[in-house]
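In: Compute the structure for the input listed below.
(chains A and B)
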Amino acid sequence: MRLNKTATAAVAALMLVPLAACSSSGATKGSDKANTGATLTYWASNQGTSLANDKQVLTPELAKFTKQTGIKVELEVVPWSDLLNRVLAATTSGKGPDVVNIGNTWSSSVQATGAFLPFDDATLNAIGGKSRFLAGSMSATGVAGQPPAAVPIYSMAYGLYYNKKQFKDAGISSPPKTWDEFLVDAKKLTTPKHWALSLEAGSKTENIHSAFTLSQQQGGSWFDASGKATFNTPANVAAIKQYIDFMQTDKIVNPSDAQYSNGTEALKDFATGTTSMVFWQAAQASLKELGMNPDDIGVAPVPVPATLAAGGKPVTSMVAGINLGIFKNTKNKDAAIAFVKFMTSTPEQQMLNKTYGSLPSVTDAYSDPAFQAPNVLVIKDVLSKSAAPLPQVPGESQFEKLVGAAMTSLFADAATGKTVTSAQIAAALAAAQQQVTD
Amino acid sequence: MVDAVKAKVSIGRASVVSNPKVPSGRAPVNPVRRRKRRRQWLPYVLLAPAIVMELLIHIIPMLIGVMMSFFKMTQLYLGNWRQAPFAHLDNYRLAMDFNQPAGKALLHSFVVTIAFTVLVLAFSWSLGLLAAVLTQRPFRGRGIVRTLLLVPFALPIFASVITWNFMAQRDTGVINHVLVNQLHLTQGNPFWLIGGNSFVTLTLVVVWRTWPFAFLMMSAGMQSISDDVYEAAVLDGAGILTQLRRVTLPLLAPVNRVLVLVLFLWTFNDFTTPYTLFGDTTPAQADLISIHIYQNSFGTWNFGTGSAMSVLLLLFLMVVTGIYLFFVNRRTDNA
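Out: Residues are numbered from 1 along each chain as shown, chains lettered A, B, ... in the order given. You can find the predicted model right below:
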């Protein structure tokens, strides 16, 4: 019977495997550096090509800050897949970093938790005043009428990236301005071996960003003024239909794109010339990184309808970007504010945004010639003229999850040969809307 | 952690020793009473650290989860969760109202999970049994064959599942390359990670990962079946199938009892495999319940509803486990 005993012991040991996995997550440490006074913990988001790359970029800058102020900064770069969960955990436990990067679309949701230090007028004045920042980026920092939950540090906007060489070969002289022109060009570019457009159609985030922009053009909105969800409206249905039809009816997108979900694959297809166009935010640096010839990279605003529907706005992008927030229960509030001031100072904004390929959030930083390059100017123009913030309501994160999931599943239907009708989209949106809790 | 492991192992051993089927060799001799009483505290002291760890790691978090399910634990109360309002049974009502989208989705996910679990269990157990029987008799290279069969189970889960993800890609994956380009079995490339096929892919990958464990357990169990029994069976004219049915399976019953239960619980609760295989967007056709609950808690920041769903899941698993053990134990008592 000895073997039987061993087997039982093996079962017992194996049953503990998930247990061991649990305990390792419990070991994640927050900052407990209460007494040293002048040491900040900073969670940075992943802006560079890798976490190590971010660390490399930020460490010398943080050293500058320490030299100027005597305040030490402990840096941790958190991958995007973990960041929101880490922020939530820090919010719940009350133990977390002093300063943290967040995606600007989360601003209102994290603001509602009350865990972030509001940037009231006094705090804003301490970092140089509200007027220093781009108005567009400032509109994505929390619910309107309340002090911002965080301030913008990296700004971005969507553009239509196109392959200049492939456009020229197809006899197209300039990028499309309207959706009609876009479809004409796209059909010219599509051949049995080549697709005109790539979409990250399995990614909830990318899908709702597009749904937002297209719905704005149709005169739709996802929340009403009181913050109640209004998903199932004809304008929103039309917006999603238009987007899915790129694959389903217009056949300018490879159905395989429906399984692109990690936020890099559509861009890779464009960079390697597999497709001629992609909608992306501030992609210049990444495209060079992926080996695309810089001379081939063209960028234009995302097209708009030739004639706008009633209430439609000529919006071509969401206001994208990263905000910097301070946890309310930091023990080093003044040091944290000094750090935010440093990160939003003109030299740091120039240096960091140049490295990451994003745009500065403060107006004076644009004096740097790097931000006067033609492709950068296009994105800058979009950001200042035709970008709108995603709904700044506490329920925004639910919109991303519910509508994003509905869209990826509709895309999967379209890709696998089922027909997606307006009625089905409306039903999916109605179901999503019913799941919103307040 | 180490204490907990030791305790589990020792509990496991103890249960084997107390198993009535195990011949203990000699009848229990009545020891000196007084000495026994003096020693009675010792086992409890030895167990104490394990019990404390068990409380801290398992029981208390579980109770907190149950508590959370009765509160309106949304993003508004994350920072000051002590102020979260009592929700009565609202979270449960939301999860159990099968006419509303949230309840309907939960029910759908539950049905998918049941189908998935039954299929994985059936295939893993059958494959495990087949392989265990085939490698029961010694032959040249048996050790190597056994080791090779165990590889899927021994590989780190993320590494192996992400490889499956690459293989299942529509345009670049090796599965379609073989099926379509080499064997010309289908017209056009099928999808394996979205749509209806995603369920097939998930089941396949989990069976691939799970059956070596069934094989391992049954092989270990078969080691303890004496050759004499088979010899006797052969003398009585039993063929291979009869041997399997009348000798191997009955003698494996104690192993199988544990094995099936463990496989059921693992498969039903599997999170890592679907999450690694499909990423953040699980297709509806392969929406396993653990993923569904995760998305409902972390996707919408509504931890009250997520907890309520978890509690329902816990109750279901407890009921199933209870019924299973009741029937299995009754059958052995009758035997």
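In: wait, what's in contact with B:G195?
Out: In this structure, B:G195 makes contact with A:412-413, A:415-416, B:283, B:285, judged by C-beta atoms under 8 Å, 6 or more residues apart in numbering or on different chains. No exception for glycine: its C-beta is placed from N, CA and C like everyone else's.
In: so how far is B:S290 from it?
Out: With the distance defined as C-beta to C-beta, to the nearest Å, B:G195 ends up 21 Å from B:S290.
In: out of the contacts of B:G195, who's nearest B:L76?
Out: Taking C-beta to C-beta as the measure, B:L76 sits nearest to B:P283 out of those, at 31.5 Å.
In: the bottom helix or strand of the chain by mean pLDDT?
Out: No chain was given, so I picked chain A. Using mean pLDDT, DSSP states H and E, helix A:17-26 stands out as the lowest-scoring helix or strand of chain A, at a mean of 37.
In: Not quite, go with chain B.
Out: Between all helices and strands in chain B, the lowest mean by mean pLDDT, DSSP H and E belongs to helix B:2-18, at a mean of 41.
In: re the thing from before, which of the contacts of B:G195 lies closest to B:Y294?
Out: So of the contacts of B:G195, ranked by how close each gets to B:Y294 (C-beta to C-beta), first place is B:P283, at 15.2 Å.
In: for chain B, longest helix please?
Out: Criterion DSSP state H: the longest helix present in chain B is helix B:101-134.
In: secondary structure class for A:M318?
Out: Secondary structure assignment for A:M318 (DSSP: H, G, I helix; E, B strand; the rest coil): strand.
In: Report the beta-bridge partners for it.
Out: The residues listed as beta-bridge partners of A:M318 by DSSP bridges are A:A388.
In: before we move on, what about A:A44?
Out: A:A44 has these beta-bridge partners by DSSP bridges: A:V77.
In: surely it meets A:L75?
Out: Yes. Shown here, A:A44 and A:L75 form a contact pair, counting by C-beta atoms under 8 Å, at 6.2 Å.
In: Quick check on those two: which one has the bigger neighbour count.
Out: Higher neighbour count among A:A44 and A:L75: A:A44, with 26 against 16, using other C-beta atoms under 10 Å in any protein chain shown.
In: what's the neighbour count on the residue lying closest to A:E76 once chain neighbours are set aside?
Out: The shortest distance from A:E76 to any non-neighbouring residue, by C-beta to C-beta, 6 or more residues apart in numbering or on different chains, is to A:W43 (5.4 Å). For A:W43, the count of nearby residues is 24 (other C-beta under 10 Å).
In: ok, now how distant is A:W43 from A:I326?
Out: In this structure, A:W43 lies at 12 Å from A:I326, with C-beta to C-beta as the measure.
In: what's the overlap in contacts for those two?
Out: If you check A:W43 and A:I326 against C-beta under 8 Å, 6+ apart, the residues they both contact are A:99-100.
In: B:G279 contacts A:T264, doesn't it?
Out: No. Using C-beta under 8 Å, B:G279 is not in contact with A:T264, being 11.7 Å away.
In: who has more neighbours, those two?
Out: Comparing B:G279 with A:T264 by neighbour count (other C-beta under 10 Å), the higher total belongs to B:G279, at 18 against 14.
In: For that one, give me its contacts.
Out: Taking C-beta under 8 Å, 6+ apart as the definition, contacts of B:G279 comprise A:202, A:261-262.
In: And B:N296, by the same measure?
Out: B:N296 makes contacts with B:102, B:302, B:305-306, B:309, as judged by C-beta under 8 Å, 6+ apart.
In: And the residue nearest to A:A282 when sequence neighbours are not counted, its phi and psi?
Out: Spatial nearest neighbour of A:A282, excluding adjacent residues (C-beta to C-beta, 6+ apart): A:M156 at 4.1 Å. Backbone torsions for A:M156, taken as degrees, to the nearest 10, come to phi -150, psi 160.
In: Roughly how far does A:M156 sit from chain B?
Out: With distances taken as C-beta to the nearest C-beta, to the nearest Å, A:M156 is found 21 Å from chain B.
In: For the strand or helix carrying A:P60, name the packing helices and strands.
Out: Counting by DSSP states H and E, the element that carries A:P60 is helix A:51-69. The criterion is 3 or more C-beta pairs under 8 Å, 6 or more residues apart in numbering or on different chains; DSSP states H and E, and the helices and strands that helix A:51-69 contacts are strand A:39-45, strand A:72-78, helix A:333-343, helix A:346-356.
In: looking at the ones you listed, which is buried most?
Out: For those, average neighbour numbers computed from mean count of other C-beta atoms under 10 Å in any protein chain shown are highest in strand A:39-45, which has a mean of 23.
In: Which residue ranges make up the domains of the chain?
Out: Using chain A. Segmentation of chain A into domains, based on automatic domain parsing, reads A:36-156+A:319-388, A:157-318+A:392-434.
In: that's the wrong chain, I wanted chain B
Out: According to automatic domain parsing, the ranges for chain B are B:39-90+B:302-335, B:100-286.
In: Please name the residues that touch A:T113.
Out: The neighbourhood of A:T113, defined by C-beta under 8 Å, 6+ apart, consists of A:91, B:75-76, B:78-79.
In: for chain A, what are the nearby residues on the stretch 201-335 of chain B?
Out: If contact is defined as C-beta under 8 Å from any C-beta of the partner chain, the residues of the stretch 201-335 of chain B in contact with chain A are B:213, B:216-217, B:220-221, B:223-224, B:254-255, B:258-259, B:262, B:278-281, B:283-284, B:295, B:298-302, B:305.
In: For the residues you listed, which ChimeraX command selects only the ones that are buried?
Out: Taking 16 or more other C-beta atoms under 10 Å in any protein chain shown as the burial criterion, the selection of buried members of these in ChimeraX is written as:
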select /B:213,216,217,220,221,224,254,255,258,259,262,278,279,280,281,283,284,295,298,299,300,301,302,305
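In: Okay, now the unreliable bits of the stretch 1-150 of chain B?
Out: Under the criterion pLDDT under 70, the flagged ranges of the stretch 1-150 of chain B are B:1-38.
In: switch to 90 and redo it
Out: For the stretch 1-150 of chain B, the stretches flagged by pLDDT under 90 are B:1-47, B:54-55, B:57-58, B:61, B:64-65, B:68, B:71-91, B:93-105, B:136-139.
In: Any chance of the backbone angles for B:L155?
Out: Residue torsions, per degrees, to the nearest 10, at B:L155 are phi -70, psi 150.
In: for B:A95, same thing?
Out: With angles defined as degrees, to the nearest 10, B:A95 shows backbone torsions of phi -70, psi -30.
In: quick one: it and A:Q398, what's the gap?
Out: The span separating B:A95 from A:Q398 equals 16 Å under the rule C-beta to C-beta.
In: got it, and A:G321?
Out: 21 Å.
In: Then B:L241?
Out: Between B:L241 and A:Q398 the distance is 57 Å, computed by C-beta to C-beta.
In: Tell me which of these two has more neighbours.
Out: The residue with more neighbours, out of B:L241 and A:Q398, is A:Q398; 24 against 8, by other C-beta under 10 Å.
In: Now do that one, the pLDDT please.
Out: Per-residue pLDDT puts A:Q398 at 83.
In: what about it, distance to B:Q100?
Out: 16 Å.
In: ditto for A:D180
Out: Using C-beta to C-beta, A:D180 is found at 41 Å from B:Q100.
In: of those two, who's got more company?
Out: When A:D180 and B:Q100 are compared for neighbours, B:Q100 comes out ahead with 16 against 13, by other C-beta under 10 Å.
In: Show the pLDDT at the closest residue in space to that one that isn't next to it in sequence.
Out: Using C-beta to C-beta, 6+ apart and skipping the chain neighbours, the partner closest in space to B:Q100 is A:Q434 (6.2 Å). As predicted, A:Q434 sits at a pLDDT of 84.
In: what sits against A:Q434?
Out: Residues counted as contacts of A:Q434 (C-beta under 8 Å, 6+ apart) are B:100-102.
In: Out of these, which is nearest to A:Q248?
Out: After measuring the contacts of A:Q434 against A:Q248 - C-beta to C-beta - the closest member comes out as B:P101, at 23.9 Å.
In: Spell out which helix or strand contains the nearest residue to that closest one once chain neighbours are set aside, please.
Out: In space, B:P101 comes closest to A:A431 once its chain neighbours are excluded; the distance is 4.0 Å by C-beta to C-beta, 6+ apart. Secondary-structure element containing A:A431, defined by DSSP H and E: helix A:422-434.
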